[in-house]
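Asks: Everything below, folded, please.
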Amino acid sequence: MSNRFSKEEIESALHASTWVEKRLFIEHVEELLMDEDEPISNIEVESCLPVLNNFISDENKNLVQRSMKILEALCQNIEKDALNNISSIFHNVFQCINDSRSNIREQSIRTINSLVSKSRVFHLTQCISEAANNFSYEGKFELISLLLTHLDDFTDGDFENVFNFIIHCYEDKNMTIKNKSQEFFKNDQFLTYLQNNFEKLSPSHKKILSTFLEKKLTSQNEALNNSLHIVSHNEPSKKPKEVIYLNTSAFLRKQRQSELKESDGMFLITDVSTFVPFMRRLSLDIRDVFDDEVSDLLLSQQSSYRVFAVDRLREIFESSIKNFENSVDIILRWCSIQFLGFQLNVSQASLNLLIDMFGQCSEKFVLTSKEVKTIMPIILWCTATESEAFKYLMTHLRKYSKEKDFNESLLMSLSLDHLAIITHVFDELKASTNLQSVEGQLKELCVEGKPVISAECNKLLNRLMPLSPRKAQHIKDPVSRLQDYITIIKGSPCDGDDSRNIFGFILDTLEKSPTDVREVRYLLYCLHSFLSEPLFINEINLDDFVRLISALCEFSTTCPVEFMDALLSIGFVVVSIHSNVSIFETLIDFIGRNYETQTRRSFAFQTFTVGIQLISVSQNQTELSQLRAFVKSSMSQFPAKDDLRGILCRTLLSEIVSLEKQQDFEAEMCRTIEEKLLMTTNNNNNLSEIDANMHSISAMATNDDLFEFLGILSRLTRQETRNDAIRELLSFEEKYPSEKIVDIIVKLSPLLGKNIENMKNRYAKQSNSRPSSRNSNRGDDNDLNRSIGSRYSRASPRASPRHTPSVHNSAKKNMSARPSPKSSTAKVRYTGGNW
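Replies: Residues are numbered from 1 along each chain as shown. Below you'll find the model as predicted:
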């Protein structure tokens, strides 16, 4: 193979003075390296090496970087020890380790590693013995790391070449270089060389290095003793940890609080100018508490050194958790800076350090207000923008801080104006048990905050705000107040405050468990009217309804018997509005607390049963999944077959499973029946021997029947049109009596089968008995028990008869859930226990 580098080209490149001329040669070499059909030969490599070696010492950094990159690639195409004049190449590349640019230093390290792989490490150590002591801080650090990589390949000659450099680094004033050089003294091969040549050292070096030899001898003796001890007693010896003491205490931590500001963490994110004074104060505190070695590592500009600092901190804190507790203000501030930095390794190491140390703190340990408020905005920022791992740290902050400080720090972080942070803030506040501590700030945010913040603050305030003016105790005649509220409800309600005032008064009165029959009657009537008004209901949140259902359960234990049906009707309305996990949990909890007095006819049991029948009306797939999880958890707690709670949970689970299957059944039902009808139509057409006109008319009639049937199926899938669709289906079946359409539908959807069977029974009763108009002329306001029961106690059309609650007159009435115009304007007269 001929040499593709001519002598003229080589000579021209060696004497080139411009970047353009040198770049042309570089590009030629790169083309040869990329030629897969004719790879670069050893002769060509030998030809271009002098030019590349010359380029590496050039002042143009781009030329230097590309030349070393090419040299690294050339090492992959040659055999070991095939390079001539390797010492000169090592020397020039070695000098680049001391370059001021980090990319040049990194490329030089990679190139030297490639050169060492094709030669010997001796060429590297020889360069170190000549010029390494004059390297810069960065160059020394890179060089130590490089040597540690090849330490296993060292010979005694190599150790001799680098020995003075290692001693020089160990005596360096820079703690990072000194700490890095100590890695050599952990290598047994180096310590052996040191021990063999100890007498050749100067007295000053002997004094310094004797410590490492003593440690080696001590460790060897301990290892020998431990091995003997294991053989003798089969028990490993345990050496207690040596406690490392920091220059801090609980008193000093308290004194440092005066230098902190609650807004420090916030301004670190929003105001760049605060970084310098923050770091100045932090650096002073670090140097007060930690020794110079750890302080230099903590305050280093290099991320790798700060990772070493985290390891050192972990060692210090694990020796005594008091070290962490008494310096937590410094550590939180230092970690905050790392969280906001771009070095992921330092941020992750700092995060793990905090989480681990908080997990070891004593139960009496408490963070101060300033400490929490400094780091909270930064944690929220990192949680929203970087990693959910910070949520674990948030959990520890909540545990080791006062609820008031924690909540205030959350609200303060809203000024970051980040939607994800706002979401995290209110998620945390919803879990708070002491919102009263920030009630004033929530009210201010309701007025001054953005719409999304105002809405969330209003929801939190609704949990705090008394649901009534709390004047119920001072009213001599609560019946008159209830009558006034009934008038407001039946008027034109438009004020949200009226809603909360009325609901609050009702709830207050209900929680007092009144026994006066007249007061109970108006109380239930007012509550029923309130729940019938959508404008009022929309102003009441789920937590209020949970409290209402709890109050109704308590009231049911003392409610007069004549009002139980009305009370059950109100429970029906509540679960028709909210039939979710919170309501079911409240009912199960009440049954558990009053288990000895509860039966299947009790209010809680009946309301739970009605709620089961209504879950299909409003629940989506997510809510059904939540209910399923709740049921499974509850069933594991109440495994007994006769336990009322277990019975309810098993019934609810059965209903959930049925609802989930029904969706699949309905889709399959439509497909199967349509296919069956088409097959039937085709068979009939094949068997029919009629003329073309009659055949066309029959086909049109069949198509009309098909479209009619598909419309019936569509209406069957909707709750509001299901009863009418069942009647149409029964009539449609009469056209095709031999096809047994209803039987097919019942097989595909057993839940629909219950409704169809109920409809057939109703038709049978109507044909056997004459309807009575006995109650047609009776006023709705003569018997409110009957009225309420007729409106709200009718079971869901899907429900089986055994699930229907025992509500008065429920089987005889079929009225709307909304009050009629007549009943909504009629006066109420008390007539001996009736409404």
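Asks: Now do the same contact list for Y485.
Replies: 502, 505-506, 526, 530 (CB atoms under 8 Å, 6 or more residues apart in numbering). All C-beta spots, glycine's among them, are computed from the backbone N, C-alpha and C.
Asks: Switch those residues over to JSON lines; also include neighbour count and pLDDT.
Replies: Shown next, in JSON lines, are the contacts of Y485 (neighbours: other CB atoms under 10 Å; pLDDT from 0 to 100):
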{"residue": "I502", "neighbour count": "28", "pLDDT": "83"}
{"residue": "F505", "neighbour count": "24", "pLDDT": "85"}
{"residue": "I506", "neighbour count": "24", "pLDDT": "85"}
{"residue": "C526", "neighbour count": "23", "pLDDT": "88"}
{"residue": "F530", "neighbour count": "22", "pLDDT": "85"}
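Asks: So which of these belong to helices?
Replies: Within the contacts of Y485, residues falling in helices by DSSP state H are 502, 505-506, 526, 530.
Asks: Can you name the two of those residues that sit furthest apart?
Replies: F505 and F530 (10.1 Å; CB to CB).
Asks: I'd like to know how many residues surround T374.
Replies: Residues contacting T374 under the criterion other CB atoms under 10 Å number 25.
Asks: Give me the secondary structure label for it.
Replies: At T374 the chain is in helix, as set by DSSP: H, G, I helix; E, B strand; the rest coil.
Asks: would you put the C-alpha positions of stretch 437-446 in CSV?
Replies: C-alpha atoms of stretch 437-446 as CSV (Å, rounded to 0.1, in the frame of the first residue of the first chain):
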residue,chain,number,x,y,z
SER,A,437,-52.6,29.5,62.4
VAL,A,438,-52.7,31.0,58.9
GLU,A,439,-56.3,32.0,58.7
GLY,A,440,-55.5,35.7,58.4
GLN,A,441,-53.1,35.1,55.5
LEU,A,442,-55.6,32.9,53.7
LYS,A,443,-58.2,35.7,53.9
GLU,A,444,-55.7,38.2,52.5
LEU,A,445,-54.9,35.9,49.6
CYS,A,446,-58.6,35.5,48.9
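Asks: For it, list every residue counted as buried.
Replies: For stretch 437-446, a neighbour-count test (16 or more other CB atoms under 10 Å) marks 438, 441-442, 445-446 as buried.
Asks: again with stretch 728-738
Replies: Buried residues in stretch 728-738 (16+ other CB under 10 Å): 728-729, 732-733.
Asks: residues in contact with it?
Replies: For stretch 728-738, using CB under 8 Å, 6+ apart, the contacting residues are 680, 705, 708-709, 712, 715-716, 739, 741-742, 745, 756, 759-760, 763.
Asks: And for stretch 161-169?
Replies: Contacts of stretch 161-169 (CB under 8 Å, 6+ apart): 122, 125-126, 128-129, 132-133, 140, 143-144, 147, 154, 177-178, 180-181, 184, 190, 193, 197, 205, 208-209.
Asks: ok, for S129, nearest residue in space, not its chain neighbours?
Replies: N161 (4.1 Å; CB to CB, 6 or more residues apart in numbering).
Asks: Just give me the neighbour total for the one you found.
Replies: 21.
Asks: What of G753?
Replies: 15.
Asks: What of N53?
Replies: Around N53 there are 20 residues (other CB under 10 Å).
Asks: what's the answer for the one 5 residues further on, then?
Replies: For D58, the count of nearby residues is 15 (other CB under 10 Å).
Asks: how about it, what does it touch?
Replies: Contacts of D58 by CB under 8 Å, 6+ apart are 22, 64, 67.
Asks: What about the first one, how many residues nearby?
Replies: Think K22. Neighbour number of K22 under other CB under 10 Å is 23.
Asks: Can you tell me the element R521 falls in?
Replies: For R521, the host element (DSSP states H and E) is helix 517-531.
Asks: buried sites along the very next helix or strand once past that helix?
Replies: Downstream of helix 517-531, the next assigned helix or strand under DSSP H and E is helix 534-537. Buried positions in helix 534-537, judged by neighbour count with 16+ other CB under 10 Å: 536-537.
Asks: Stretch 18-36 too?
Replies: So for stretch 18-36, counting by 16+ other CB under 10 Å, buried means 22, 25-26, 29, 32-33.
Asks: same thing with stretch 296-315?
Replies: Buried residues in stretch 296-315 (16+ other CB under 10 Å): 296-300, 303, 305-310, 312-314.
Asks: re the thing from before, buried by neighbour count, from the contacts of stretch 728-738: which ones?
Replies: 709, 712, 715-716, 741-742, 745, 756, 759.
Asks: and which of those residues is nearest D724?
Replies: For the buried ones among the contacts of stretch 728-738, the nearest to D724 is R715 (6.7 Å; CB to CB).
Asks: Let me know whether the closest one touches I726 as I believe.
Replies: No - counting by CB atoms under 8 Å, R715 does not reach I726; the two are 9.1 Å apart.
Asks: give the contact list for S181.
Replies: Here S181 is in contact with 144, 166, 169-170, 172 (criterion: CB under 8 Å, 6+ apart).
Asks: Please identify which of those residues is nearest to L419.
Replies: I144 (47.2 Å).
Asks: how about the nearest residue to that closest one, chain neighbours excluded?
Replies: K180 (4.9 Å).
Asks: Go ahead and confirm the one you found touches L146.
Replies: No - at 11.4 Å, K180 does not count as touching L146 under the criterion of CB under 8 Å.
Asks: circling back: specify which member of the buried residues of stretch 437-446 is nearest to E554.
Replies: The closest of those, once distances to E554 are taken by CB to CB, is L442, at 29.4 Å.
Asks: Number of residues surrounding K459?
Replies: Quick note: K459 (other CB under 10 Å) scores 16 neighbours.
Asks: so of the buried residues of stretch 728-738, which ones are in helices?
Replies: 728-729, 732-733.
Asks: where does the stretch 201-350 of the chain dip in pLDDT?
Replies: Across the stretch 201-350 of the chain, the ranges flagged by pLDDT under 70 are 208, 211, 213-241, 342-344.
Asks: how about the helices in it?
Replies: For the stretch 201-350 of the chain, the helices defined by DSSP state H, counting those that start in this stretch occupy 203-233, 250-256, 264-270, 275-289, 292-298, 303-319, 321-326, 328-340, 344-358.
Asks: Out of these, which is the most enclosed?
Replies: helix 328-340 (a mean of 22; mean count of other CB atoms under 10 Å).
Asks: Which strands or helices does it pack on?
Replies: Under the contact criterion of 3 or more CB pairs under 8 Å, 6 or more residues apart in numbering; DSSP states H and E, helix 328-340 touches helix 250-256, helix 264-270, helix 275-289, helix 344-358, helix 369-385.
Asks: Columns distance to K322 on top of the ones you listed, output as CSV?
Replies: Output for the helices and strands packed on helix 328-340, formatted as CSV (distance: least, CB to CB, whole Å):
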stretch, distance to K322
helix 250-256, 9
helix 264-270, 25
helix 275-289, 13
helix 344-358, 11
helix 369-385, 16
